[in-house]
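Undergrad: sharing a model prediction with you, sequence too.
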Amino acid sequence: MSFLDPQQIKNLRAEYGTPLYVYDQSRLEAAARHVLDFPHADGFTARYAMKALPTAAIVRLLNRMGLHIDASSGFEAERALLAGVPPEEIQVTAQEIPKDLKGLVERGVLFNACSLEQLKAYGELFPGREVSIRVNPGLGSGHNNRTNVGGPGSSFGIWHEHLDQVLSIVEDHRLQLTGMHTHIGSGGDPEVWQRCARLSLAIVARLPDVKRLSLGGGFKIARMPGEESADLKKIGEALLGDFQAFKEEHGRSLHLEIEPGTYLVANAGAILANVIDVVNTGEDGYVFAKTDSGMTELLRPNLYGAQHPIEIVKASADSPEEEIDLVITGHCCESGDVLTPGPGDPESLAPRRLARPETGDTCVIGGAGAYCSGLAGKHYNSFPEAAEVLMTQNGDVRLIRNRQTLEEIVKNEIYD
């Protein structure tokens, strides 16, 4: 399940403690190469959706592999700049317009307007300049409503029926609308991607200056046994004919962009947690393994009923080999801090068949590279932020985030 063997786990625990995020450089680079090979007709840019894992070392590694950056806030754009990403390789696509939009754009960062108000604000700051817009094409493809970012139930982007207002704002501010962006959610069905791409191309046909079309991200990655990852080659090939047909019909080629996040980093990460207690609720109840991690490092099960591969690695090789049905919980004083909920149902418990745990064993949580460190209940119950390490190609381990202290959590509080 994990890319770590028992000896590596033992060494990492001894050196860095728990809970600990561990990332594998080989897997990150392999995923980056796969994304960069996405089939395309007339030019291609892959942007890393850095909200998936914004740690500087990871952003820097993927950028050096050739990926540009998709930032979901002005703050993320600043983090990317601090990590050394060239400003022209960063695009902000945000629900909240950056407070320093002027400064970011003047430094060379690209801006993708996600609402009519954002487009007006940009036009007032930069009349006559190029701009891109995010459009909601009317269709989405998430595995649940919380991951579906297209269609009438989503607030993301400018509704496709409001293009006349877009063109009016563009004319008022003499803007050059050269880019369009759509994003439908998390999925892997080439037919759905093709259907959404055709919707997007029909909208681009009404925007004669657009030369760059982003289809966003959300490519499904298999974390659990039995799940199937999106086949990027099949998706890309399914889109080729439509892009070529658009070129023939409208006399202009379109530069394609995609914005994967999870696909790049999910299976390149794991969390090491210490089993701190084992309790049960009687013959008709459950056996619970409590860990020193949980929603402070991994919120996805609590939010979505998301499933992550989990294994118990024994502290002693002499421990008896026995499996039991086990519920894994976190360390927070919160009934929802459960790492083994029912699939898609954070309200339920779904025991896993795992090695019988003992205090001091390691709970290894896989698929923890995406939306874990970057999306967590940090500081709940005043637990400090966990450390992060990167396993390099030659087997060395680099510390890429120090373990936080309580003093660092409270440093901005005022006691007077």
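TA: Perfect, thanks for sending it.

Undergrad: surely residue 397 and residue 15 touch.
TA: Yes. If you go by Cβ atoms under 8 Å, residue 397 and residue 15 touch, sitting 7.3 Å apart. C-beta here means a position set from N, CA and C on the backbone, and glycine is covered the same way.

Undergrad: could you give the average pLDDT over stretch 75-86?
TA: For stretch 75-86, mean pLDDT is 98.

Undergrad: before we move on, what about stretch 235-243?
TA: Confidence for stretch 235-243, expressed as mean pLDDT, is 94.

Undergrad: same question for stretch 35-55.
TA: Averaged over stretch 35-55, pLDDT sits at 97.

Undergrad: in it, what counts as buried?
TA: Residues of stretch 35-55 classed as buried: 35, 38-41, 44-55 (neighbour count, 16 or more other Cβ atoms under 10 Å).

Undergrad: quick one: which of residue 397 and residue 15 has more around it?
TA: Of the pair residue 397 and residue 15, residue 397 is the one with more neighbours under other Cβ atoms under 10 Å, namely 15 against 12.

Undergrad: how about the more buried one: what's its closest non-neighbour residue?
TA: Once flanking residues are discounted, residue 397 sits nearest to residue 389: 5.2 Å by Cβ to Cβ, 6 or more residues apart in numbering.

Undergrad: I would like the residues contacting the helix or strand the one you found falls within, please.
TA: Using DSSP states H and E, residue 389 maps to strand 387-391. Residues outside strand 387-391 that contact it (Cβ atoms under 8 Å, 6 or more residues apart in numbering): 3, 8, 12, 16-17, 20-26, 55, 57-58, 61, 373, 397-403.

Undergrad: who's in contact with residue 42?
TA: Counted by Cβ under 8 Å, 6+ apart, residue 42 has contacts 243, 247, 253-256.

Undergrad: any idea how far stretch 219-228 is from the middle of the chain?
TA: 15 Å (Cα atoms, centre = their mean, to the nearest Å).

Undergrad: okay, it in PDB with CA atoms only?
TA: The C-alpha coordinates for stretch 219-228 follow below in PDB (Å, rounded to 0.1, in the frame of the first residue of the first chain):
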ATOM      1  CA  PHE A 219      -8.700  14.300 -12.900                       C
ATOM      2  CA  LYS A 220      -9.700  11.300 -10.800                       C
ATOM      3  CA  ILE A 221      -6.800   9.400  -9.100                       C
ATOM      4  CA  ALA A 222      -7.300   6.000  -7.500                       C
ATOM      5  CA  ARG A 223      -6.300   6.100  -3.800                       C
ATOM      6  CA  MET A 224      -8.100   2.900  -2.800                       C
ATOM      7  CA  PRO A 225      -8.000  -0.700  -4.200                       C
ATOM      8  CA  GLY A 226     -10.700  -1.100  -6.800                       C
ATOM      9  CA  GLU A 227     -10.700   2.500  -7.800                       C
ATOM     10  CA  GLU A 228      -9.800   3.600 -11.300                       C
END
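
Undergrad: what residues of it count as buried?
TA: So stretch 219-228, judged by 16+ other Cβ under 10 Å, has buried residues 219-221, 223.

Undergrad: one more: stretch 234-245?
TA: For stretch 234-245, by 16+ other Cβ under 10 Å, it's 235-236, 238-239, 243.

Undergrad: where do the strands of the stretch 151-300 of the chain begin and end?
TA: With DSSP state E, counting those that start in this stretch as the definition, the stretch 151-300 of the chain shows strands at residue ranges 158-159, 176-181, 212-214, 255-258, 269-280, 287-291.

Undergrad: could you dump the ones you listed to JSON lines with mean pLDDT, mean neighbour count and distance to residue 320?
TA: Output for those, formatted as JSON lines (pLDDT from 0 to 100; neighbours: other Cβ atoms under 10 Å; distance: least, Cβ to Cβ, whole Å):
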{"stretch": "strand 158-159", "mean pLDDT": "94", "mean neighbour count": "19", "distance to residue 320": "60"}
{"stretch": "strand 176-181", "mean pLDDT": "98", "mean neighbour count": "21", "distance to residue 320": "56"}
{"stretch": "strand 212-214", "mean pLDDT": "97", "mean neighbour count": "21", "distance to residue 320": "54"}
{"stretch": "strand 255-258", "mean pLDDT": "97", "mean neighbour count": "23", "distance to residue 320": "49"}
{"stretch": "strand 269-280", "mean pLDDT": "98", "mean neighbour count": "21", "distance to residue 320": "14"}
{"stretch": "strand 287-291", "mean pLDDT": "98", "mean neighbour count": "23", "distance to residue 320": "15"}
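
Undergrad: redo those strands as a markdown table? Include distance to residue 166.
TA: Output for the strands of the stretch 151-300 of the chain, formatted as a markdown table (distance: least, Cβ to Cβ, whole Å):
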| stretch | distance to residue 166 |
| --- | --- |
| strand 158-159 | 6 |
| strand 176-181 | 7 |
| strand 212-214 | 15 |
| strand 255-258 | 19 |
| strand 269-280 | 39 |
| strand 287-291 | 49 |
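
Undergrad: nearest to residue 107, out of these?
TA: Shortest distance between residue 107 and the strands of the stretch 151-300 of the chain, using Cβ to Cβ, is found for strand 176-181: 18.4 Å.

Undergrad: for the closest one, packing partners?
TA: Packing contacts for strand 176-181, counted by 3 or more Cβ pairs under 8 Å, 6 or more residues apart in numbering; DSSP states H and E, involve strand 110-113, strand 130-136, helix 163-172, helix 190-204, strand 212-214.

Undergrad: I'd say residue 280 and residue 287 touch.
TA: Yes. Applying Cβ under 8 Å as the test, residue 280 and residue 287 come out as touching, 4.7 Å apart.
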